[in-house]
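Visitor: Take this sequence and fold it.
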Amino acid sequence: MDNARILVTGGAGFIGSELVRQLAATGNVVTVVDNLTNGKLHNIEELFGNNVRFYQADIRNRDMMKTLMQGQDKVFHLACLGVRHSIHSPLENHEVNATATLYMLETAQEANVKRFLYCSSSEVYGTATTVPMNESHPTFPMTVYGGSKLAGEAYARAYFQTYGLPVTVVRPFNSYGPRSHHEGDSGEVIPKFILRTMTGRPMLVFGDGTQTRDFTYVSDTASGIIRAGLSQNTIGETINLGSCREISISELAATVKQVTGKSEAEIRYVDPRPGDVLRLFADSGKAQKLFGFTPKISLRDGLAKLLDWYTTEGLSFEDLLAGEKEINWKK
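Guide: Next comes the predicted model:
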């Protein structure tokens, strides 16, 4: 893979910035595109140099994307707007996640890109009807975000079937780790739980806490995405990336108390969020079979690593929490 020319959309975001780190570390020439709506320049600016270039651009800018796509060997398409954003701005969410993905596929086909990886989401499944969930599990999204990501998947597979574009679709389950979002409508449960616990605020559990998730540390997720996008076995395939373990949100809150050493931390139950999936539990057997995907970092170890990252980076828990919204699905 050394010296491949790779375009990463959403590369200043949470998972995208880890993906860029791993790609750049093996000598690839990486072009990062991000409009910095959710991504942050400081997530990747230390990487800028001979083999990492950054362009602040919106993937809906078709002329810009045509220019940046020229000469690229591979595309890792991660740019999107998230679950909570889709609740308050469904049309824009679809425009970015689905329509712009169709533009990207058309542009990649015209530019003769050798591989196109589309990063979807476990949200396309909706709530599990059987577990663990393999790729044949029914798709029944509960939000416009999930629907828009499923539409993007369908377009990607159609470009493979109709035009022969070498496409791979991955469905990461919930990721966490350094640079994860706690702020605004991108804020997610693990960083919010840790920051709230460390500042003496209650962890907010929406609903009764029995809902489950399958959490994967970000370095494992990014490694899986890269390997899926490089393996010849994955062309035309749709592949789960998860830890193959589920935990309830109540159990997660209790684990955060243990990892942070804050046994007195309060867990507060509040009204459910609209569109929340009730159960996610990945079967990643296909990824393991096709390219040896095996997550290395356990949830407890990953929580400790994230807490240590906040500390070693010298970040203020109070300052970070200033950007958090408790109700982050309203305009």
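
Visitor: hey, where'd the helices end up in the stretch 151-300 of the chain?
Guide: 189-198, 218-230, 249-260, 285-291, 299-312 (DSSP state H, counting those that start in this stretch).

Visitor: Which positions within the longest one qualify as buried?
Guide: Within helix 299-312, the residues scored as buried using 16 or more other Cβ atoms under 10 Å are 299, 302-303, 305-307, 310. For glycine as for every other residue, the C-beta is placed from the backbone atoms N, C-alpha and C.

Visitor: do the third one as well
Guide: Along helix 249-260, these residues count as buried under the neighbour rule (16+ other Cβ under 10 Å): 249-250, 252-257, 259-260.

Visitor: hmm, back to that, adding pLDDT and distance to residue 159, write the buried residues of helix 299-312 out as CSV.
Guide: Shown next, in CSV, are the buried residues of helix 299-312 (pLDDT from 0 to 100; distance: Cβ to Cβ, whole Å):
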residue, pLDDT, distance to residue 159
299, 98, 36
302, 98, 35
303, 98, 39
305, 98, 37
306, 98, 36
307, 97, 42
310, 96, 41
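
Visitor: all strands for the chain, in order.
Guide: 5-9, 29-34, 52-56, 74-77, 115-119, 167-172, 175-176, 203-206, 212-213, 216-217, 238-241, 247-248, 267-270 (DSSP state E).

Visitor: Convert the fourth one to CSV, retaining C-alpha atoms only.
Guide: What follows is the C-alpha trace of strand 74-77 in CSV, where atoms were taken according to Å, rounded to 0.1, in the frame of the first residue of the first chain:
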residue,chain,number,x,y,z
LYS,A,74,-8.4,4.9,-3.7
VAL,A,75,-11.2,6.8,-2.0
PHE,A,76,-12.3,6.3,1.6
HIS,A,77,-15.6,8.1,1.9
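
Visitor: Who does that strand pair with, and is each partner parallel or antiparallel?
Guide: Looking at strand 74-77 with DSSP bridges, its partner strands are strand 5-9 (parallel), strand 115-119 (parallel).

Visitor: Need those strands in CSV (columns: distance to residue 98 and mean neighbour count).
Guide: CSV is the format used below for those (distance: least, Cβ to Cβ, whole Å; neighbours: other Cβ atoms under 10 Å):
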stretch, distance to residue 98, mean neighbour count
strand 5-9, 14, 25
strand 115-119, 11, 26
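
Visitor: how much space between the nearest residue to residue 288 once chain neighbours are set aside and residue 21?
Guide: Spatially, and ignoring its direct neighbours in sequence, residue 288 is nearest to residue 294 (6.1 Å; Cβ to Cβ, 6 or more residues apart in numbering). Distance from residue 294 to residue 21, counting by Cβ to Cβ, to the nearest Å: 20 Å.

Visitor: Please identify which of the two sits among more neighbours.
Guide: Neighbour totals were compared for residue 294 and residue 21, and residue 21 leads with 19 against 12 (other Cβ atoms under 10 Å).

Visitor: Residue 218 versus that one, what's the distance?
Guide: 10 Å.

Visitor: In a markdown table, list the strands of the chain along with distance to residue 68.
Guide: Converted to a markdown table, those look like this (distance: least, Cβ to Cβ, whole Å):
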| stretch | distance to residue 68 |
| --- | --- |
| strand 5-9 | 6 |
| strand 29-34 | 6 |
| strand 52-56 | 6 |
| strand 74-77 | 10 |
| strand 115-119 | 14 |
| strand 167-172 | 19 |
| strand 175-176 | 25 |
| strand 203-206 | 39 |
| strand 212-213 | 34 |
| strand 216-217 | 29 |
| strand 238-241 | 26 |
| strand 247-248 | 39 |
| strand 267-270 | 43 |
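
Visitor: among these, which is nearest residue 231?
Guide: When the strands of the chain are compared by Cβ to Cβ, strand 167-172 sits nearest residue 231, at 8.0 Å.

Visitor: That closest one - what's its average pLDDT?
Guide: Strand 167-172 shows an average pLDDT of 98 in the prediction.

Visitor: Let me have the helices of the stretch 151-300 of the chain in TSV, extended by distance to residue 86.
Guide: Below are the helices of the stretch 151-300 of the chain laid out as TSV (distance: least, Cβ to Cβ, whole Å):
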stretch	distance to residue 86
helix 189-198	17
helix 218-230	21
helix 249-260	20
helix 285-291	26
helix 299-312	26
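
Visitor: So for residue 44, which of these sits nearest?
Guide: Nearest to residue 44, of all the helices of the stretch 151-300 of the chain, is helix 218-230, at 12.8 Å by Cβ to Cβ.

Visitor: From the rest of the structure, what touches that closest one?
Guide: 1, 14-15, 18-19, 21-23, 74, 76, 78, 115, 117, 119, 168, 170, 172, 175-180, 216, 234, 239, 241, 243, 287, 290-293, 295-297 (Cβ atoms under 8 Å, 6 or more residues apart in numbering).

Visitor: Going by neighbour count, which of the residues you listed are buried?
Guide: Those of the contacts of helix 218-230 that meet the buried threshold are 14-15, 18-19, 21, 23, 74, 76, 78, 115, 117, 119, 168, 170, 172, 175-180, 216, 234, 239, 241, 243, 287, 290-291, 293, 295, 297, by 16+ other Cβ under 10 Å.
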